[in-house]
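>>> Here's my sequence, what's the structure:
(2 chains)
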2 protein chains.
Amino acid sequence: MSQPPVINIGICGLGTVGQGVWKHITRSRTKLESRLGARLVLKRASVRDLRKKRSVRVGASRLTDDALAVATDPKIQVVCELIGGTTLAKELTLAALRLGKTVISANKALVCDHGPEIFAAARKHGGHYFFEASVAGGIPIIKALREGLVANRFTRIYGILNGTCNYILTRMEREGLPYSAIIQEAKALGYAEADESLDVDGWDTAHKASILAYLAHGTWVSTKRMVVEGITQLSPEDIQFAREAGYAIKLLAVIDRDLATDELAVRVAPTLLPRTNVIANVNEVYNGISVAGDVVGETIYIGRGAGQDATASAVISDIVDAVALLIRGNAPLPEPVEHRCPLTPPERVTGSYYVRMDVRDAPGVLAKIAGVMAQAKVSIANVRQRPAAAVDTATLIITTHASNEKAIRAALARLRRLPVVLREPLLLRIASFPA
Amino acid sequence: MSQPPVINIGICGLGTVGQGVWKHITRSRTKLESRLGARLVLKRASVRDLRKKRSVRVGASRLTDDALAVATDPKIQVVCELIGGTTLAKELTLAALRLGKTVISANKALVCDHGPEIFAAARKHGGHYFFEASVAGGIPIIKALREGLVANRFTRIYGILNGTCNYILTRMEREGLPYSAIIQEAKALGYAEADESLDVDGWDTAHKASILAYLAHGTWVSTKRMVVEGITQLSPEDIQFAREAGYAIKLLAVIDRDLATDELAVRVAPTLLPRTNVIANVNEVYNGISVAGDVVGETIYIGRGAGQDATASAVISDIVDAVALLIRGNAPLPEPVEHRCPLTPPERVTGSYYVRMDVRDAPGVLAKIAGVMAQAKVSIANVRQRPAAAVDTATLIITTHASNEKAIRAALARLRRLPVVLREPLLLRIASFPA
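Numbering: from 1, shown residues only, chains lettered A, B, ... in the order given. Below you'll find the model as predicted:
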């Protein structure tokens, strides 16, 4: 019998995720090799600091501090890019792809910012680029969109794509504490990065939304062209109001495709979601994604969105797909059909809204505000007024009937100019998604 | 530029699902062909009655009442077996596979009863056998287990795999009506088959559990070797008790693997699931599956489990995978590693239980019953007694502390022999699954 083929794997970046990949491949090598009919060799790994202690044992001869050397090593067929960032990561990804290698990545920012260039390099030189781990960690959502649901046109995809934000919102809701208190603790516990802004300002979610929108619709929507709002402005009062009205507040990515007009709308924003919705009940660091297809209806996917093991699970799944392709000739895979959807103009992005603002507590203020809303053609559904912390000020919470992004933004612009409105108003979306 | 390859597809069985496949391939042909780089031709379809009206237009020259002729047509490379049953379906599946064709199936009974023979035929003759549609309709759960979660060993898989039963249980809970009332209406609405026994007695769920257990663990567990219980004995009282105690009752398939002892336990039974569990909130005809892997943690999948469109979505996804393989040389795929797990003996299948029984309403009866439970070493957690419909009888509902299948079955055998126990007691499992 002939010897099984040997596949050499290089790990660029032996940090948390890289160590997880190393550990779990080592542990389940027998099963994976027997399934694949190939030998998997963890050939080399790059680190930033050769002397740092790690949780996995890697012989000194296999360690280097030169990530590019791993990516371009002629013996290595499969390169895992786990260093993050978009500079060296991009350089070594393109270098490996130009040598015809297959690259596996967990790097959402890189895919989002340089996807077309990277995919083209893979195509041109006969390699592959896989990135299941870049969205929703261990949930095989990219495989579901590309393969399992290939018969569908997607009308709406929405969900929680950032575990850090979901953890913070879950704790704010359960404990009634302000954002500032929870973020400190989340950092101490390792649930938030030292620089948390990428997560809490919504950019990490936006990167992932961009990737999902491309996979589902073949259109790249830059994060610059999306509404992207984070969770730092939320107060315990917002969450309490939502709860009393039967909603949970979640940082949602929403990708809406109008099959009639072909328009695509992508946004990331904290959103009031009815408690009866499954995604509203996805808590802690979990991610949850709802995918509505025109054939299958709604399907939902829930799991851990980040962390060493969940991310390693996705990277290893990509490695197995890559190796199965390699030992069978490495032919190109079916790809999303490129299709440039126009973006939905703000006046056709409809929904109802929640506006919280601090106002001067004086007679006639509510009438003035209601007048401004009416001028902008935004119809008020409900108003709640409470004394605010400062003297002679009140907090107003207004919810609206169905309106649209253009109208509500016009209303907010006018409200900001009113002398009785004391600070920047907070705008939240209210989703009426079924299920 | 060379012509794209042409793939001829044959549909055996143009019933509900077959018409769905025909309709959706026709509708999305352009997208699928452009993605695949191949032409898809719906070459022929077989029907039982050539004169019957159908919702899709198929030219008379492409219709036949000879399913085997479609399956063995030399021009056809991909055969969809959508006729159901295990006789002709098996014959034509094996005939097509022996000719090296790829067969796609939605037939859980066939996979469950003859999986090894069918898989061997596919392997031997260089074709493939795909069956994503056989479990959980449009949810790509088979792809998730085989590919997306390949890095994992699975500790527990459980879920709702039968939409008919879930629909009935949802309506029983919402309306407080007995099983007998709902099943009649479910039949009238087309949510239950004319002969509902395969669904409501748990066998359909058991077929699917057997398939999932094989994919996850490489072990075929015949439905004959599982505990399989259905929902026909459930009363509104059981559901009300469950609700008051914070549970929903769901017909669950549970596949437990003990990684330490290597033992595997598969059961299908109506189960009390805490309301806080996501799967407990999967209602109507939806299916929901929780998959716990030792790397990824828990992931959850929810979607429609049956129906024309959901099933067609899964069949078409298999067709696309099959065609992508065909035009690239049709090499064999990684397969589950066969592994014969021993079945967990009943004394190590632990859990707590719910027992409902009608008893003579006389002094000392409870003492007698409690004595029998104690003798069997089953510890009672809670007893509720209510007058039953008949004179001088009472209904007892007993819940137990943690026990095991052997002990509770011994207790039930003794209870049945007591003259004061008037009818067959009902046994339900209580799950304490997290999340």
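
>>> So which residues on the stretch 51-200 of chain A come close to chain B?
Within reach of chain B by CB under 8 Å from any CB of the partner chain, the stretch 51-200 of chain A has these residues: A:132, A:137-140, A:143-144, A:147-153. The way it works is simple: take the backbone N, C-alpha and C, and place the C-beta from them, glycine included.

>>> Among those, name the ones in helices.
Within those, residues falling in helices by DSSP state H are A:K143.

>>> Can you add pLDDT and give the residues of the stretch 51-200 of chain A next to chain B back as JSON lines?
As requested, those are exported to JSON lines (pLDDT from 0 to 100):
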{"residue": "A:E132", "pLDDT": "97"}
{"residue": "A:G137", "pLDDT": "90"}
{"residue": "A:G138", "pLDDT": "91"}
{"residue": "A:I139", "pLDDT": "97"}
{"residue": "A:P140", "pLDDT": "97"}
{"residue": "A:K143", "pLDDT": "96"}
{"residue": "A:A144", "pLDDT": "97"}
{"residue": "A:E147", "pLDDT": "95"}
{"residue": "A:G148", "pLDDT": "96"}
{"residue": "A:L149", "pLDDT": "96"}
{"residue": "A:V150", "pLDDT": "95"}
{"residue": "A:A151", "pLDDT": "96"}
{"residue": "A:N152", "pLDDT": "96"}
{"residue": "A:R153", "pLDDT": "96"}
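
>>> Can you tell me which of the residues of the stretch 51-200 of chain A next to chain B end up in strands?
Assignment to strands by DSSP state E places none of these there.

>>> I'd say A:K368 and A:V421 touch.
No: A:K368 is beyond contact range of A:V421, at 9.2 Å (criterion: CB atoms under 8 Å).

>>> Which one of the residues of the stretch 51-200 of chain A next to chain B is nearest to B:P4?
Nearest to B:P4 among these is A:V150, at 17.4 Å by CB to CB.

>>> Could you point out which residue ranges in the stretch 251-400 of chain A have low pLDDT?
By pLDDT under 70, the stretch 251-400 of chain A has no low-scoring segment.

>>> Looking at A:K368 and A:V421, which is more packed in?
Taking neighbours as other CB atoms under 10 Å in any protein chain shown, A:K368 and A:V421 compare with A:V421 leading, 21 against 17.

>>> How about the contacts made by that one?
A:V421 makes contacts with A:357-359, A:369, A:415, as judged by CB atoms under 8 Å, 6 or more residues apart in numbering or on different chains.

>>> at 6 Å instead, please
A:357, A:359, A:415 (CB atoms under 6 Å, 6 or more residues apart in numbering or on different chains).

>>> could those go into CSV alongside secondary structure, distance to A:A265 and neighbour count?
Below are these laid out as CSV (DSSP: H, G, I helix; E, B strand; the rest coil; distance: CB to CB, whole Å; neighbours: other CB atoms under 10 Å in any protein chain shown):
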residue, secondary structure, distance to A:A265, neighbour count
A:M357, strand, 26, 23
A:V359, strand, 31, 23
A:L415, helix, 24, 23
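
>>> Out of these, the closest to A:S379 would be?
Closest to A:S379, out of all of the contacts of A:V421 and judged by CB to CB, is A:L415, at 15.2 Å.

>>> Kindly report the residues of the stretch 251-400 of chain A close to chain B.
Proximity of the stretch 251-400 of chain A to chain B, by CB under 6 Å from any CB of the partner chain, involves residues A:295-297, A:299-300, A:302-304, A:309-310, A:313, A:316-317, A:320, A:324, A:328, A:331, A:334, A:337.

>>> Filter the residues you listed down to the buried ones.
A:295-297, A:299-300, A:302-304, A:309-310, A:313, A:316-317, A:320, A:324, A:334 (16 or more other CB atoms under 10 Å in any protein chain shown).

>>> Report the two of those separated the most.
Greatest spacing in those, by CB to CB: A:V295 and A:D309 (33.4 Å).

>>> Now intersect the residues of the stretch 251-400 of chain A next to chain B with the helices, please.
Within those, residues falling in helices by DSSP H are A:309-310, A:313, A:316-317, A:320, A:324.
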